[in-house]
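Trainee: When you get a sec, could you give me coordinates for this:
(2 chains)
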There are 2 protein chains.
Amino acid sequence: MTVSYREFYRSRKVMITGGLGFIGSNLARQLVDLGARVLLVDSLIPDYGGNLFNIDGMADRLQVNIADVRQQSTMNYLVRDRDVIFNLAGQVSHIDSMRDPYSDLEINCRSQLTVLEACRTYNPGVKVVFAGTRQVYGRPDSLPVRESHLVRPTDVNGINKAAGEYYHLVYNNVFGVRACSLRLTNVYGPRQLIRHNRQGFIGWFIRVAIENGVIHIYGDGSQLRDFVYVDDAADAFLRAGADDACNGEAFNVGGEAPHSLREVTDLLVDVAQSGRVQYVEWPAEKKAIDIGSFYADSSKFAGTTGWAPSISLRDGLHRTVAFYRQHYRQYVDATDTPEPSSP
Amino acid sequence: MTVSYREFYRSRKVMITGGLGFIGSNLARQLVDLGARVLLVDSLIPDYGGNLFNIDGMADRLQVNIADVRQQSTMNYLVRDRDVIFNLAGQVSHIDSMRDPYSDLEINCRSQLTVLEACRTYNPGVKVVFAGTRQVYGRPDSLPVRESHLVRPTDVNGINKAAGEYYHLVYNNVFGVRACSLRLTNVYGPRQLIRHNRQGFIGWFIRVAIENGVIHIYGDGSQLRDFVYVDDAADAFLRAGADDACNGEAFNVGGEAPHSLREVTDLLVDVAQSGRVQYVEWPAEKKAIDIGSFYADSSKFAGTTGWAPSISLRDGLHRTVAFYRQHYRQYVDATDTPEPSSP
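Mentor: Take a look at the predicted model:
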């Protein structure tokens, strides 16, 4: 398995929803190199993470189809003949989900039914790998968090992502549309949206460091998180897509070890040789949906597929900082107005 | 608390969504007797359980407003000035949810956001009690099932009910709209829909027994279930609505003891003095979403509110059979065509 899962993709017809986004485009990069026939589906909704520059240098080796996963007839057509679908399209901002719960519902919950119904009717033999999230666990009862931990989301985004994941497992169990879910923790690396601070704090911190600005951390920075470099996350998707032992299951996919926010920001400032950290009070709106320390136990996924993270946090931050320094103008408009942020 | 929760409702403005349905109308009956000012909201969608005969004899002591909980502007108006909302509207058929997942999503998931957003904006001081379901647990890992058991639904209905419940808890925790959820097991009693067999097996069995027909049980009847008489369920809603100790929590509300299906149907035939039982093979469609034995541990709710079931299964079946014998034509059309059914 540890060798052959990569060979599995040679000439495979693969579709990635959210394919122009952060994880989708990095996954596409690996799939193209493995000889897969890759179709990226993306809505390119502003602020949601899709960016045509993310496929710079490989645009002629894959197909791009601009479409919205909420559109049933389009999905009915696009899923046909695919061997594997990596289902990554989503709205990832927790704060946005509390301000506009209906859009979050449509994109993170209802759209999963759209994709799965399309598969059930037009391509029941396909394999679907869903991008889940640690957010479904909410504030953890104990650490590290295993899959046996209660699903108890603290915000609307977490609820809709949980429902979207459950749909995949039910379609696997009831309709035989093979599917599994990877509950990702904090993924970081090149090609993440950094135009605003509502899509994960780590990308935003990296931007602020590059700009030699002030990274604001809420509280004292003692909160723990685990981090996955995007190439390791993409490798997890490749393994899950090739391995039927994953079907019907949800797996944690997290980092090797937990780091405090103080630790990770100090490391970032050291790696970037710019930026500085400032500790500030929690805004009430964010405190209300904060989950305290969180890090995942990924041993279930490791045991099933052999996956392990291979890029250290320092190395990953180095690569990420270098990428954004080189391509800064592709990810930050001259007109962007930064606001302070924290996890 | 054990006395005063009933006094709490005197002159209270109370709204029940799904108020013309099975549990809603029985709850309304108690509330009217307690002197509450009761507004029933119901869509009267055919096949969903709402029945104007359910308020026979008390129609002049409450208000009825026909409306759909999916309609935002209507909900925005109706929630105003209410002290307590019992949020019971829903689509309860598991099989229907697999045939038409979108309708189930709209009614069981999206509509909860509609009600909660209306409350958040127009009546943030209201208390909301949601009718949850044991279906969110799926096939249990161990018995009896406590609230610490994983939420792991086996069908689309269970997923959407889980999401609807989570919304209530998040709106409680984040927006301060006080809310809790009662995860009901098998509620039975007068005023349940028995026109078809897609809304719980126990009502259907009672109808078949009354008609002196053959009750079909899938498998050998050894599966365990617990049963709650509807007046006991209504009492649980009254307690939860009056008790702020319930806020932000989900509670099991189940029967006193588990019974095998063989036992309950034998008892039913004995009580009704008509009908007989036949054991048949599982249809594949139903087997795929079956959960085996299930019974709940309700001690968390009992400990919080003092609730306990007070009607024995034999007594409850007696009352139920007598009710439907007396009012048969209000619940079964001459044109209805029965089909076999089982839990």
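
Trainee: by contact count, what packs against the helix or strand of chain A with the lowest mean pLDDT?
Mentor: Among the helical and strand segments of chain A, the one scoring lowest on mean pLDDT, DSSP states H and E is helix A:284-287, with a mean of 79. Applying 3 or more C-beta pairs under 8 Å, 6 or more residues apart in numbering or on different chains; DSSP states H and E, we find helix A:284-287 packed against helix A:94-99. To be clear about C-beta, it is placed using only N, CA and C from the backbone, and glycine gets the same treatment.

Trainee: got a list of contacts for the helix or strand that the helix it packs on is followed by?
Mentor: Of the helices and strands lying after helix A:94-99 in sequence (DSSP states H and E), the nearest is helix A:101-104. Under the contact criterion C-beta atoms under 8 Å, 6 or more residues apart in numbering or on different chains, helix A:101-104 has outside partners A:Gln91, A:Asp96, A:Ser97, A:Val156, A:Asn157, A:Asn160, B:Arg110, B:Leu113, B:Glu117, B:Tyr167.

Trainee: The third one contacts A:Lys161, correct?
Mentor: No. Judged on C-beta atoms under 8 Å, A:Ser97 makes no contact with A:Lys161 at a distance of 9.2 Å.

Trainee: Please narrow the contacts of helix A:101-104 to those residing in helices.
Mentor: Of these, the ones assigned to helices by DSSP state H are A:Asp96, A:Ser97, A:Val156, A:Asn157, A:Asn160, B:Leu113, B:Glu117, B:Tyr167.

Trainee: wait, isn't the third one in contact with B:Leu169?
Mentor: No. Contact between A:Val156 and B:Leu169 fails when scored by C-beta under 8 Å: they sit 11.2 Å apart.

Trainee: So between those two, which is more surrounded?
Mentor: A:Val156 (30 against 22; other C-beta atoms under 10 Å in any protein chain shown).

Trainee: who's in contact with the more buried one?
Mentor: Counting by C-beta under 8 Å, 6+ apart, A:Val156 makes contact with A:Ser97, A:Met98, A:Pro101, A:Asp104, A:Leu105, B:Leu113, B:Tyr167, B:Val170.

Trainee: Around the residue lying closest to A:Asn108 once chain neighbours are set aside, how many other residues sit close by?
Mentor: Nearest residue to A:Asn108, sequence neighbours excluded (C-beta to C-beta, 6 or more residues apart in numbering or on different chains): A:Asn160, at 3.8 Å. Residues lying near A:Asn160 (other C-beta under 10 Å) number 32.

Trainee: what are the C-alpha coordinates of stretch A:198-210, in PDB please?
Mentor: What follows is stretch A:198-210 as a C-alpha-only set of coordinates in PDB (Å, rounded to 0.1, in the frame of the first residue of the first chain):
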ATOM      1  CA  ARG A 198     -11.400  34.500   8.100                       C
ATOM      2  CA  GLN A 199      -9.900  31.300   6.600                       C
ATOM      3  CA  GLY A 200      -7.700  30.000   9.400                       C
ATOM      4  CA  PHE A 201      -5.200  32.000  11.400                       C
ATOM      5  CA  ILE A 202      -1.900  30.400  10.300                       C
ATOM      6  CA  GLY A 203      -2.000  31.800   6.800                       C
ATOM      7  CA  TRP A 204      -2.900  35.200   8.100                       C
ATOM      8  CA  PHE A 205       0.000  35.100  10.600                       C
ATOM      9  CA  ILE A 206       2.400  34.200   7.800                       C
ATOM     10  CA  ARG A 207       1.200  37.200   5.800                       C
ATOM     11  CA  VAL A 208       1.600  39.500   8.700                       C
ATOM     12  CA  ALA A 209       5.100  38.200   9.400                       C
ATOM     13  CA  ILE A 210       6.100  38.700   5.800                       C
END
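
Trainee: could you give the mean pLDDT of it?
Mentor: Averaging pLDDT along stretch A:198-210 gives 91.

Trainee: Kindly report the same for stretch A:230-242.
Mentor: Here stretch A:230-242 scores 98 as its mean pLDDT.

Trainee: same deal with stretch A:155-175?
Mentor: Stretch A:155-175 comes out at a mean pLDDT of 96.

Trainee: do the same with stretch A:89-101
Mentor: In this model, stretch A:89-101 has a mean pLDDT of 90.

Trainee: Would you mind listing the buried residues in that stretch?
Mentor: Neighbour-count burial for stretch A:89-101 flags A:Ala89, A:Gly90, A:Gln91, A:Val92, A:Ser93, A:His94, A:Asp96, A:Ser97, A:Met98, A:Pro101 (criterion: 16 or more other C-beta atoms under 10 Å in any protein chain shown).

Trainee: Contact partners for the fifth one?
Mentor: With contact taken as C-beta under 8 Å, 6+ apart, A:Ser93 is in contact with A:Asn157, A:Arg198, A:Gln199.

Trainee: Quick check: phi and psi on the closest residue to A:Gly158 other than its chain neighbours?
Mentor: In this structure, A:Gly158 finds its nearest non-sequential neighbour in A:Gln135, 4.0 Å apart by C-beta to C-beta, 6+ apart. A:Gln135 has phi and psi values of phi -60, psi -20 when expressed as degrees, to the nearest 10.

Trainee: I'd like to know how far A:Gln135 sits from A:Thr154.
Mentor: Distance of A:Gln135 to A:Thr154, computed by C-beta to C-beta, to the nearest Å: 8 Å.

Trainee: Which of those two has more residues huddled nearby?
Mentor: Neighbours were counted for A:Gln135 and for A:Thr154 using other C-beta under 10 Å; A:Gln135 has more, 25 against 22.

Trainee: Touching, the more buried one and A:Ile159? I think so.
Mentor: No. The criterion here is C-beta under 8 Å, and A:Gln135 misses it with A:Ile159 at 9.2 Å.

Trainee: what sits in contact with each of these two?
Mentor: Residues touching both A:Gln135 and A:Ile159 by C-beta under 8 Å, 6+ apart: A:Pro153.

Trainee: Write out the residues of chain A neighbouring chain B.
Mentor: Within reach of chain B by C-beta under 8 Å from any C-beta of the partner chain, chain A has these residues: A:98, A:101-102, A:105, A:109-110, A:113, A:117, A:148, A:150-156, A:158-160, A:162-163, A:166-167, A:169-170, A:173-174, A:288-289.

Trainee: Filter those down to the buried ones.
Mentor: A:98, A:101, A:105, A:109-110, A:113, A:117, A:151-156, A:158-160, A:162-163, A:166-167, A:169-170, A:173-174, A:288-289.

Trainee: Pull out the buried residues from stretch A:217-227.
Mentor: Applying 16+ other C-beta under 10 Å to stretch A:217-227 flags A:Ile217, A:Tyr218, A:Gly219, A:Gly221, A:Gln223, A:Leu224, A:Arg225, A:Asp226, A:Phe227 as buried.

Trainee: residues making contact with it?
Mentor: The contact list for stretch A:217-227 (C-beta under 8 Å, 6+ apart) reads A:143, A:185-188, A:202, A:254-262, A:264-265, A:277-283, A:286-287, A:290, A:292-296, A:313, A:316, A:342-343.

Trainee: Among those, which lie within helices?
Mentor: A:Ile202, A:Leu261, A:Arg262, A:Val264, A:Thr265, A:Lys286, A:Lys287, A:Leu313, A:Gly316.
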